[in-house]
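>>> Here you go, sequence then predicted model.
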Amino acid sequence: MDSRNDKKNISIVVSYVVLIAYAIATLFPFTWAILVSLTPITYFDESGNEKGVNIFDWPPKIRLFPKPSAFGAPLTFQNYKLIFEVVPLYRKWLWNTIVYAGLLTMGNILLNSLGGYAFARLNFPLKNFWFTMFLATMMVPGQVTLIPQYNLLVKYGLVNTYTGLFLPKLTNIFGLFLMRQFFLNFPKELEEAARIDGSGILRTYFKIVLPNALPAVSALAIYTFLGAWNDFQWPLIILSNKEMYTLTLGLNFFKTSYYTYWQYMMAASIFMTIPMIIIFLSFQRYFIETGKAVAVKG
């Protein structure tokens, strides 16, 4: 018994060591980005001389008291204000990203939940065949379909338009699969009670099923919103008008041919990351609930 307990304790210690090391390795780039975003490009020393900042200097010489500093320069939030002055379109890009992520999230919730409910509850010809075909498309790399999608949008004059940006992304197979698996385990008694009261399929869905599918809907919303917020490839292909750019494309404007303003870029990146962190931490419990529900029945 003692040897078993010793082995168990050793395995627990090793697990914690590995997890702590992984956490440090994961948080290090984010911590460095925060420090750089708070570091000015130039500053005035005690003698009044203007000095540049070498953000690649290591160690970063972090000091918290009496005045916070890093890389030998005082920390400041000025960069977060300057990014809106250096690039006036940043506000427009931020708004474009919010609208893009928001519309895609609402579209995926509506269409994927309706499709998932249909495949889980309704009976129609070749239902399993069509669902299998949909799942098979998940094995096709997204890059393979980019050219056909682009040619189709060119044909209908939707390139460099908001409609062309949103329309192809309003639904996805993963969301359909997620919602279908959740609805397979949804209590049929609730639906039967609604039908006895005279509710049709759509009314039962919107009044009974959808409100009780909050864990799956929330998980799908988080997946979709974070994916859209970080999407770079599709906006890059479909957009050429700078005023229509999203934040991921806009970050390239902090680069030049000869020099990159890393302080501004890191400030813009952290500013872009904060909403994702807030949303994920607020709804992370739904990932666990949805994972359990989906895993019960395949």
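Thanks, I have it.

>>> Run the chain-centre distance for the host helix or strand of Pro215.
Element membership for Pro215 (DSSP states H and E) is helix 214-229. Distance, stretch centre to chain centre, for helix 214-229: 8 Å (CA atoms, centre = their mean, to the nearest Å).

>>> Nearest residue to the middle of the protein?
By CA atoms, centre = their mean, the chain has its centre lying nearest to Leu226, at 1.5 Å.

>>> Just the residues contacting the helix holding Pro215, thanks.
Where contact means CB atoms under 8 Å, 6 or more residues apart in numbering, the residues beyond helix 214-229 that reach it are 97, 100-102, 104-105, 108-109, 112-113, 169, 172, 174-175, 178-179, 182, 210, 247, 272, 275-276, 279-280, 283, 286-287, 289-290, 293-294. To be clear about C-beta, it is placed using only N, CA and C from the backbone, and glycine gets the same treatment.

>>> Any of those residues buried? List them.
Restricting the contacts of helix 214-229 to buried positions leaves 97, 100-101, 104-105, 108-109, 112-113, 169, 172, 174-175, 178-179, 182, 210, 247, 272, 275, 279, 283, 286, 290, 293-294, with burial counted as 16 or more other CB atoms under 10 Å.

>>> Please flag which of those sit within strands.
The strands, defined by DSSP state E, take in nothing from the buried ones among the contacts of helix 214-229.

>>> so where does Tyr16 fall, helix or strand?
helix 2-37.

>>> quick one: average pLDDT of the next helix or strand after that helix?
As assigned by DSSP H and E, the chain's next helix or strand after helix 2-37 is strand 42-44. When pLDDT is averaged along strand 42-44, the result is 79.

>>> Show me the shaky parts of this structure.
Along the chain, the parts satisfying pLDDT under 70 run over 1-6, 256-259, 284-298.

>>> Helices of that one, start to end?
Using DSSP state H, the helices of the chain run over 2-37, 78-86, 90-121, 127-136, 146-155, 162-166, 173-184, 188-196, 201-204, 214-229, 233-238, 247-250, 262-283, 285-296.

>>> Any buried residues in the longest one, and which?
Judged by neighbour count (16+ other CB under 10 Å), helix 2-37 contains these buried residues: 33-37.

>>> That one vs helix 262-283, what angle?
Counting by axes from the mean of the first three to the mean of the last three CA atoms, to 10 degrees, helix 2-37 lies at 130 degrees to helix 262-283.

>>> tell me which residues in stretch 158-169 are buried?
158-159, 161, 164-169.

>>> how about those in JSON lines, adding distance to Leu236?
Shown next, in JSON lines, are the buried residues of stretch 158-169 (distance: CB to CB, whole Å):
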{"residue": "Leu158", "distance to Leu236": "16"}
{"residue": "Val159", "distance to Leu236": "12"}
{"residue": "Thr161", "distance to Leu236": "15"}
{"residue": "Gly164", "distance to Leu236": "13"}
{"residue": "Leu165", "distance to Leu236": "11"}
{"residue": "Phe166", "distance to Leu236": "15"}
{"residue": "Leu167", "distance to Leu236": "17"}
{"residue": "Pro168", "distance to Leu236": "14"}
{"residue": "Lys169", "distance to Leu236": "14"}
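
>>> if we take these, which one ends up nearest to Gly48?
Within those, proximity to Gly48 (CB to CB) peaks at Leu165, which comes in at 50.0 Å.

>>> Would you mind measuring from the closest one to Ala268?
21 Å (CB to CB, to the nearest Å).

>>> sorry, back to before: widest-spaced pair of the buried residues of stretch 158-169?
Maximum distance among the buried residues of stretch 158-169 (CB to CB): 14.8 Å, for Val159 and Lys169.

>>> Distance from stretch 127-134 to the middle of the chain?
28 Å.

>>> One more: stretch 18-38?
Distance of stretch 18-38 from the chain centroid (CA atoms, centre = their mean) equals 19 Å.
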